[in-house]
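Got a sequence here, can you build the structure:
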Amino acid sequence: MNRRELTLGVAVSALAGSAAAQTAPARGPAQVAVAAPQSQYQAALTAQLSRMPAAVQPDLRAFYELNGWRPVWNADRLRVLNQAAGRAERHGLSAPDYFDFVGLAADPETADMRTTAAALTYARVLAEGAVRPETVEELWEMEKNRVDLPVGLNDALVQNRLVEWYEGLAPTDIGYNNLSAGYVRYRRIIREGGWPRFTARAGTIEPGASDNRVPAIIARLVAEGDLSASAGQRLTSEGLVYGPELQTAVRAFQARHGLSADGRIGPGTQSSLGASADDRARQIALNLERRRWLKRELNPERIEVNTAAAIMVYWKDGRPVHSNRVVVGSPANETPSLEKPFASVVANPPWYVPAGIARREILPRGPAYLASQNMYISNGTVIQRAGPNAALGYVKFELRDSYAIFLHDTPSKAAFNLSMRQRSHGCVRVQNAVEFARILLTPDPVLLGQFDDAQASRETKRIQTGREITVRLLYWTAFVDGQGRVAFREDVYRRDRRLAEALGIAVDLPAVVADGRTDANDVGP
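Next comes the predicted model:
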């Protein structure tokens with residue numbers, strides 16, 4: 001037995017000393033222990049309750065009412081609780097932040113209440129997250145996860161399923177599980193020494209060039225799995241030349257980071273190479289927290305837009321079946337985090353220009369500009385007629401109650417080829433939008449026929465989808481891609497920084513490097 005195990009054993013024995021004689025592991029069919037209104041422990045526990053943090057008091061009261069105001073933690077239960085805490089790392093959490101078994105044992109009279117408080121606090125983080133999303137995002141309107149933790153903890157203790165209960169509180173979908181495995185892997189990389197620091201410099205490392213940073217690049221790519229260890233050892237021995245095999249590995253790295261996979265190590269790639277293993281692990285932890293905010297039950301048919309990656313995925317029957325690049329809000333016009341039902345498809349939509357865009361970007365250009373853009377003013381509103389050059393393109397995907405946020409086509413196709421596609425006024429521009437509309441309407445040939453007829457005639461026509469399709473606008477800067485690799489995106493909206501500050505996590509994420517110039521004539525939503 002090592003020193004940590006010995007210390008834990010002493011702490012568990014001390015914690016359980018008074019409870020052992022009072023509470024035995026529950027047996028038989030009884031689910032809830034009901035005691036007399038005034039048990040011999042109630043006065044002491046009630047007095048302790050008033051000294052606990054206000055946020056956890058309601059859960060503590062509900063839990064002890066279920067247990068007749070009796071102590072519940074004996075040695076066996078404490079050992080199992082320690083097992084559950086030992087799995088905290090896979091959730092991007094640190095067990096000592098929630099459980100101090102030695103400290104709890106220092107005051108046996110209050111240990112039971114404080115242990116329960118720690119158990120419920122950790123459960124709340126797994127089930128709902130540590131931070132309220134509204135405090136770190138300007139507009140966050142999604143369906144939160146909600147769990148009755150006092151009842152759940154009570155049942156888990158009665159049924160001797162504490163570890164399983166804790167593991168079931170966090171998301172169990174493949175996206176969360178793969179990302180948590182990625183976190184554990186990056187923590188292992190850190191324990192093994194991480195990777196060498198990469199220093200960005202002006203200019204670009206071109207294919208075939210020599211650069212004294214090549215060994216650091218090789219070590220980085222080997223650590224993250226973009227290059228095999230044997231290949232890395234061989235290439236390191238060959239010197240400082242940026243050769244073809246290393247270029248292939250760099251292109252894999254660039255693809256994982258949403259960069260142009262051209263093998264040229266320019267400002268954007270150098271910025272991403274500058275991130276440390278610690279920063280990437282912490283970025284994964286932030287994204288695990290974001291996923292814990294969300295309800296677990298999802299519509300098997302849904303549209304998910306990752307605004308950090310500017311990628312849209314269409315899910316049907318619980319599986320991803322189609323993906324597109326998208327253009328989302330710029331840093332000055334962030335696309336919010338929303339979850340709304342998809343209502344209808346509008347073929348050849350006119351654009352009712354929001355007042356702010358009209359005032360700042362359209363009206364100052366004068367009547368000639370409006371005429372050139374096929375725009376007119378009606379009742380004080382600037383309206384752009386439908387047409388091939390209209391800002392909404394040939395189709396608009398309407399959401400219910402979406403703060404004027406919607407998905408749509410666009411005539412500005414070039415932006416889909418850029419790495420940084422945060423360039424709109426907040427709405428989501430969909431690549432190959434007409435094709436995507438046809439995919440959504442294909443299950444009903446009548447609706448698809450109406451859409452195709454409208455496209456042929458260029459008639460403006462609203463077509464109801466006939467079924468509920470959820471649209472989720474998410475912000476995930478770390479996720480697992482289709483090849484099972486942890487993919488990263490830079491924190492273009494600075495939401496990682498705000499969340500890290502709220503959680504007390506220190507991060508130093510790479511700066512965003514934009515590719516491509518902003519089109520001054522692109523005034524679309």
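
is it true that residue 511 touches residue 271?
Yes. Using C-beta atoms under 8 Å, residue 511 and residue 271 qualify as a contacting pair, with a distance of 5.7 Å. (Each C-beta comes from the backbone N, C-alpha and C, glycine too.)

what touches both of the two?
Residues touching both residue 511 and residue 271 comprise residue 490, with contact defined as C-beta atoms under 8 Å, 6 or more residues apart in numbering.

neighbour count winner among these two?
Here residue 511 and residue 271 are set side by side on neighbour count (other C-beta atoms under 10 Å), and the busier one is residue 271, at 19 against 12.

show me the contacts for the nearest residue to residue 147 once chain neighbours are set aside.
By the measure of C-beta to C-beta, 6 or more residues apart in numbering, the closest residue to residue 147 outside its immediate chain neighbours is residue 127, 4.3 Å from it. By C-beta under 8 Å, 6+ apart, the residues touching residue 127 are 145, 147, 149, 169, 170, 292.

Name the nearest of those relative to residue 351.
Distance from residue 351 was checked for each of those by C-beta to C-beta. The minimum falls on residue 145, at 36.8 Å.

Dump the C-alpha coordinates for stretch 126-135 into PDB.
Taking C-alpha atoms only, stretch 126-135 is exported to PDB below (Å, rounded to 0.1, in the frame of the first residue of the first chain):
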ATOM      1  CA  LEU A 126     -21.300  16.300 -14.200                       C
ATOM      2  CA  ALA A 127     -25.000  16.700 -14.800                       C
ATOM      3  CA  GLU A 128     -25.300  20.400 -15.600                       C
ATOM      4  CA  GLY A 129     -21.900  22.000 -15.700                       C
ATOM      5  CA  ALA A 130     -20.000  24.100 -13.200                       C
ATOM      6  CA  VAL A 131     -20.900  27.500 -14.800                       C
ATOM      7  CA  ARG A 132     -24.200  28.900 -15.900                       C
ATOM      8  CA  PRO A 133     -23.800  29.400 -19.600                       C
ATOM      9  CA  GLU A 134     -25.700  32.800 -19.500                       C
ATOM     10  CA  THR A 135     -22.900  34.200 -17.400                       C
END
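
and the residue nearest to residue 147, what element?
Applying DSSP states H and E as the criterion places residue 127 in helix 108-128.

Which elements pack onto whichever helix or strand comes after that helix?
Proceeding N to C from helix 108-128, the next assigned helix or strand is strand 140-141, under DSSP H and E. Contact partners of strand 140-141 among helices and strands, from 3 or more C-beta pairs under 8 Å, 6 or more residues apart in numbering; DSSP states H and E: strand 337-347.

Was I right to think residue 292 contacts residue 125?
Yes. Judged on C-beta under 8 Å, residue 292 makes contact with residue 125 at a distance of 7.3 Å.

which residues are common contacts for the two?
None of the residues lies in contact with both residue 292 and residue 125 under the rule C-beta under 8 Å, 6+ apart.

In a helix, residue 166, correct?
Yes. Checked against DSSP: H, G, I helix; E, B strand; the rest coil, residue 166 lies within a helix.

which SS class is the closest residue to it other than its chain neighbours?
Nearest-residue entry for residue 166: residue 84, 4.3 Å, with adjacent residues in sequence omitted and distances by C-beta to C-beta, 6+ apart. In terms of secondary structure, residue 84 is helix; the call rests on three-state DSSP.

neighbours around residue 84, how many?
The number of residues packed near residue 84 is 21, by other C-beta under 10 Å.

Give the burial count for residue 148, as a bare number.
Other residues within reach of residue 148, judged by other C-beta under 10 Å, total 12.

Distance check, it against residue 57.
For residue 148, the distance to residue 57 (C-beta to C-beta, to the nearest Å) stands at 16 Å.

same question, residue 260
Distance of residue 260 to residue 57, computed by C-beta to C-beta: 53 Å.

neighbour-wise, which of those two wins?
Using other C-beta under 10 Å as the criterion, residue 260 and residue 57 rank with residue 260 on top: 17 against 14.

Next, that one: secondary structure please.
The local conformation at residue 260, judged by three-state DSSP, is coil.

For it, report the pLDDT, please.
In this prediction, residue 260 carries a pLDDT score of 92.

In three-state terms, label the nearest residue to it once chain neighbours are set aside for me.
Closest residue to residue 260 in three dimensions, ignoring its sequence neighbours and counting by C-beta to C-beta, 6+ apart: residue 419, at 5.3 Å. Of the three states, residue 419 takes coil under three-state DSSP.

number of nearby residues for residue 419?
Residue neighbour count, defined by other C-beta under 10 Å, stands at 20 for residue 419.

and what of residue 47?
11.

Also the one 5 residues further on?
Burial measure for residue 52: 17 neighbouring residues, criterion other C-beta under 10 Å.

Also residue 164?
The number of residues packed near residue 164 is 11, by other C-beta under 10 Å.

And it, how far from residue 84?
When distances are taken as C-beta to C-beta, residue 164 and residue 84 turn out to be 9 Å apart.

just residue 148 next, same as before
Using C-beta to C-beta, we find residue 148 at a distance of 18 Å from residue 84.

now swap in residue 493 and tell me
Applying C-beta to C-beta to residue 493 and residue 84 gives a distance of 34 Å.

what's the answer for residue 291, then?
When C-beta to C-beta is the yardstick, residue 291 and residue 84 sit 19 Å from each other.

residue ranges of the helices in the stretch 301-450 of the chain, please?
Using DSSP state H, counting those that start in this stretch, the helices of the stretch 301-450 of the chain run over residues 355-357, 366-372, 433-441, 445-457.

and after the host helix or strand of residue 78, which helix or strand comes next?
With elements delineated by DSSP H and E, residue 78 resides in helix 75-85, which encompasses its position. Along the chain past helix 75-85, the next helix or strand (assigned with DSSP H and E) turns out to be helix 101-105.

Using PDB, write out every CA atom in that next one.
Once non-C-alpha atoms are left out, helix 101-105 reads as follows in PDB (Å, rounded to 0.1, in the frame of the first residue of the first chain):
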ATOM      1  CA  PHE A 101     -11.400  13.100   2.200                       C
ATOM      2  CA  VAL A 102      -8.500  13.800   4.700                       C
ATOM      3  CA  GLY A 103      -9.900  17.300   5.400                       C
ATOM      4  CA  LEU A 104     -13.400  15.800   5.900                       C
ATOM      5  CA  ALA A 105     -12.100  13.300   8.400                       C
END
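
so where's the protein uncertain?
Low-confidence segments of the chain, defined by pLDDT under 70, span residues 1-39, 402, 516-521.

Longest strand of it, counting residues only.
With DSSP state E applied, the strand covering the greatest number of residues in the chain is identified as strand 461-474.

Any buried residues in that one, and which?
Neighbour-count burial for strand 461-474 flags 461, 463, 465, 469, 470, 471, 472, 473, 474 (criterion: 16 or more other C-beta atoms under 10 Å).

Which strand residues bridge the fourth one?
In this case it means residue 469. When bridges are called by DSSP bridges, residue 469 pairs up with residue 342.

which residues does it contact?
Residue 469 makes contacts with 299, 301, 302, 303, 341, 342, 440, as judged by C-beta under 8 Å, 6+ apart.

Just put these in CSV and tack on distance to residue 372 and neighbour count.
Formatted as CSV, the contacts of residue 469 follow (distance: C-beta to C-beta, whole Å; neighbours: other C-beta atoms under 10 Å):
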residue, distance to residue 372, neighbour count
299, 43, 17
301, 41, 18
302, 39, 19
303, 34, 24
341, 37, 17
342, 33, 23
440, 33, 23
